[in-house]
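Q: Structure for the following, please:
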Amino acid sequence: MFTAVLRKSAVCARLFRPFKRLAGSDSGATAVEFGLVAAPFLALLIAILQTGIVFLAGRVLDEVVSQSGRYIMTGQAQTANMTQSGFATYVCGQTIALFTCSKFMINVQNYSSFSSASTATPTISGFNASGQALNGSGNVITWAWSPGNPGDIVVVQVMYQWPLVLGPLGFTLSNLSNGNRLLVSTAVFKNEPY
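A: Numbers count the residues shown, from 1 in each chain. You can find the predicted model right below:
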């Protein structure tokens, strides 16, 4: 009986020998493993690059608003009777090649005290075909231009629609309905006595 069991196990061993060789083969294992890891790796790489570029653009916009705000704070914009479009041109002159100047949205308001100043980001529900921002009612938002007088508190907001490339696996930094990211930089200061 023992010999019969041995013969049957030898037969079974011969039957499973090709599968044993297949299980031990590693000729395509690296390609399969890379195929499994490639999509998450590329998604992570694109997400890191896109996040870094968005943070860089936000930081550059902060610096531009800080520098441009000084132009209002020192009274140079007021004494030159600068308009909102003139200030937009001035802001554009301060930027580097990251931004398209026509896409800047500039909102400048003055207040009597710091406690009454509003630094809330305006609510943008979408954009029309011309690229103008729309409010919740679907009306075009009219940005304020009120640089104030000496001693006034001024809030300068510069907004920019940053275009995004949607990464694989659904990663996105979008905060607008059109798939872009709204970058907002705000400067609050008291005008100097000019």
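Q: where in this structure is pLDDT low?
A: Across the chain, the ranges flagged by pLDDT under 70 are 1-27, 167-169.
Q: That one: strands as residue ranges?
A: Here the chain has its strands, by DSSP state E, at 104-111, 126-127, 133-134, 153-162, 181-190.
Q: Tell me where the longest helix sits in the protein.
A: Assignment by DSSP state H gives helix 29-73 as the longest helix of the chain.
Q: how far is that helix from where the chain is centred?
A: On the basis of C-alpha atoms, centre = their mean, to the nearest Å, helix 29-73 is displaced by 8 Å from the centre of the chain it belongs to.
Q: What about the nearest residue to residue 89 once chain neighbours are set aside, how many residues nearby?
A: Using C-beta to C-beta, 6 or more residues apart in numbering and skipping residues adjacent in sequence, the residue nearest residue 89 is residue 101, 7.6 Å away. (C-beta placed from N, C-alpha, C; glycine too.) The number of residues packed near residue 101 is 12, by other C-beta atoms under 10 Å.
Q: pretty sure residue 90 contacts residue 69?
A: No - with contact defined as C-beta atoms under 8 Å, residue 90 does not reach residue 69; the gap is 10.8 Å.
Q: related to what we said a few turns ago, residues contacting the residue nearest to residue 89?
A: 88, 89, 91, 92, 95 (C-beta atoms under 8 Å, 6 or more residues apart in numbering).
Q: just those now: which is nearest residue 153?
A: residue 91 (20.1 Å; C-beta to C-beta).
Q: ok, back up a step: for the strands of the chain, which one ends up most surrounded?
A: strand 153-162 (a mean of 22; mean count of other C-beta atoms under 10 Å).
Q: Name every strand pairing with that strand and say which way it goes.
A: strand 104-111 (antiparallel), strand 181-190 (antiparallel) (DSSP bridges).
Q: Turn these into CSV, columns for distance to residue 154.
A: As requested, the strands paired with strand 153-162 are exported to CSV (distance: least, C-beta to C-beta, whole Å):
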stretch, distance to residue 154
strand 104-111, 5
strand 181-190, 6
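Q: quick one: residue 159 and residue 94, what's the gap?
A: 16 Å (C-beta to C-beta, to the nearest Å).
Q: what's the answer for residue 62, then?
A: Distance from residue 62 to residue 94, by C-beta to C-beta: 12 Å.
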